[in-house]
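Participant: just the structure for this:
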Amino acid sequence: MKALNLYGARDIRFEDTKNPVIENDNEIIVKVKVAGICGSDGHRYAQLGPYIEGMTWGHEFSGIVEEIGKNVKNVKVGDRVAVCPALYCGECESCKKGEFARCEKLKVIGAKDPGAFAEYVKVPAENAILIPDEVSFEAASMVEPACVSLHGLYKTGLEPGDDVAVIGCGTIGLLAIQWAKVFGAKRIIALDIDDKKLELAKQLGATDIINSMGVEPCEELEKITNGRRADVVVESAGSPITSAQAFSLSKKGGKVVFLGIPYGDVMVKRFYFEKIVRNELQVFGSWNAISSPFPGKEWTTTVEFMRQGKIKTEPLVTHKLPLSEGSNIFEKIAERVESIGKVLFYPEKN
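Facilitator: The predicted structure follows:
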């Protein structure tokens, strides 16, 4: 089969790769219909390189069940599925508590196990989630990032009538905005430095937008909320600057959840850091998108709200490409030569 393999930073190759083979009776093989580029994929291409040289990567995907192991009961050949890419050990203290996102040995498909930038991928059967006909393969490939946003919002206990500030209007942030609307937020304030992204945020449910370039975000937020600031702050940009600024956007006793991962040191000024103490903030880290029973309510909830049309993914997509275009698009992402939103690959169109 053809696959997109990562050999080093800025070294990806579209090449022939061995087809996956079932080795465990609880495994299945999925024919990949659509696979999306995650922000972490861009960082791994541009800076970090692979965990294993030549690994097939990609972890956001959907497809059709091609083959099943002898013990598989939850899906059958021909089923349409989204796939949870998380691989938990089941043996550590966290796993025994059902806290799978905190697994000591948590792995992700496409890191040290072959991923979905390929025509076929092998996964544990329990990682497959059936998708109804109303949910397209494109939308199903974005169930995983939608679950990442939802997992974080669950931690905050977001309630109807809350004011929510979302920092960063990339894929995760735009999905968080839609979830905040589903949760019944009163005001949803989107913050970014890109006017195009902010306009899209407004189309998807943001009640207010702030271009934070050259301004103090908390001052702008106070104008919108009459000095109150936000009940819940979602940091999804993953930049060192916004990771510090997030603390100043929350009201006293408010909640700040971090979904973005900074790829640089975060130096927090006293002005921002003391907000945690003086305002008695609740600060949450949120990792991955899984809970108990595996893969968790995040997955079933996301599929249902996609079916209802309340979580929209098509507006986020800017590029639909064959895998053979992988090298070109990753280089464009790294060089930031154009505005690029969600990129979807179609392996069978190679």
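Participant: so who does the spatially most central residue of the chain touch?
Facilitator: The centroid of the chain falls nearest to Pro145 when counting by CA atoms, centre = their mean (2.7 Å). By CB atoms under 8 Å, 6 or more residues apart in numbering, the contact set of Pro145 is 36, 38, 60, 171-172, 175. Glycine gets a C-beta too; all of them are placed from N, C-alpha and C.
Participant: kindly recompute the last result at 6 Å.
Facilitator: By CB atoms under 6 Å, 6 or more residues apart in numbering, Pro145 lies in contact with 171-172.
Participant: what about the nearest residue to Lys197 once chain neighbours are set aside, how many residues nearby?
Facilitator: Leaving aside its sequence neighbours, Lys197 sits nearest to Cys169 (CB to CB, 6 or more residues apart in numbering; 3.8 Å). Cys169 has 29 neighbours, counted by other CB atoms under 10 Å.
Participant: hmm, Cys169 is touching Leu191, no?
Facilitator: No: using CB atoms under 6 Å, Cys169 is not in contact with Leu191, being 7.9 Å away.
Participant: returning to that earlier point: the residue nearest to Lys197 and Val283, how far apart?
Facilitator: Going from Cys169 to Val283 by CB to CB, to the nearest Å gives 22 Å.
Participant: repeat for Tyr263
Facilitator: Distance, Tyr263 to Val283, by CB to CB: 20 Å.
Participant: then Glu222?
Facilitator: 20 Å.
Participant: same thing with Pro124?
Facilitator: 33 Å.
Participant: give me the more crowded residue out of the two.
Facilitator: Per other CB under 10 Å, whichever of Pro124 and Val283 has more neighbours is Pro124, with 19 against 15.
Participant: tell me what the more buried one is bridged to.
Facilitator: As for beta bridges, Pro124 partners with Glu27 under DSSP bridges.
Participant: and Ile177, that one's in a strand?
Facilitator: No: if the criterion is DSSP: H, G, I helix; E, B strand; the rest coil, then Ile177 is helix and not within a strand.
Participant: number of nearby residues for Cys92?
Facilitator: When neighbours are counted by other CB under 10 Å, Cys92 comes out with 16.
Participant: and Arg270, how many residues sit next to it?
Facilitator: Using other CB under 10 Å, Arg270 has 7 other residues around it.
Participant: how near is it to Val21?
Facilitator: 57 Å.
Participant: same question for Val32.
Facilitator: Distance from Val32 to Val21, counting by CB to CB: 16 Å.
Participant: more neighbours: which of those two?
Facilitator: Val32 (28 against 10).
Participant: which residues does the more buried one bridge with?
Facilitator: Bridge pairing for Val32 - DSSP bridges - gives Gly63.
Participant: what sits against it?
Facilitator: Contact analysis of Val32 by CB under 6 Å, 6+ apart lists 61, 63, 116, 121, 347.
Participant: save those residues as CSV, and put in distance to Lys297 too.
Facilitator: As requested, the contacts of Val32 are exported to CSV (distance: CB to CB, whole Å):
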residue, distance to Lys297
Phe61, 21
Gly63, 23
Ala116, 23
Val121, 25
Pro347, 30
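Participant: Ala125 reaches Val72, doesn't it?
Facilitator: Yes: counting by CB under 6 Å, Val72 is a contact partner of Ala125 at 4.3 Å.
Participant: what's the overlap in contacts for those two?
Facilitator: Ile28.
Participant: ok, residues contacting stretch 276-285?
Facilitator: 155, 247, 250, 252-258.
Participant: could the residues you listed go into JSON lines alongside neighbour count, secondary structure and pLDDT?
Facilitator: Formatted as JSON lines, the contacts of stretch 276-285 follow (neighbours: other CB atoms under 10 Å; DSSP: H, G, I helix; E, B strand; the rest coil; pLDDT from 0 to 100):
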{"residue": "Lys155", "neighbour count": "15", "secondary structure": "helix", "pLDDT": "98"}
{"residue": "Phe247", "neighbour count": "24", "secondary structure": "helix", "pLDDT": "98"}
{"residue": "Ser250", "neighbour count": "25", "secondary structure": "strand", "pLDDT": "98"}
{"residue": "Lys252", "neighbour count": "11", "secondary structure": "strand", "pLDDT": "98"}
{"residue": "Gly253", "neighbour count": "10", "secondary structure": "strand", "pLDDT": "98"}
{"residue": "Gly254", "neighbour count": "24", "secondary structure": "strand", "pLDDT": "99"}
{"residue": "Lys255", "neighbour count": "22", "secondary structure": "strand", "pLDDT": "99"}
{"residue": "Val256", "neighbour count": "24", "secondary structure": "strand", "pLDDT": "99"}
{"residue": "Val257", "neighbour count": "24", "secondary structure": "strand", "pLDDT": "99"}
{"residue": "Phe258", "neighbour count": "21", "secondary structure": "strand", "pLDDT": "98"}
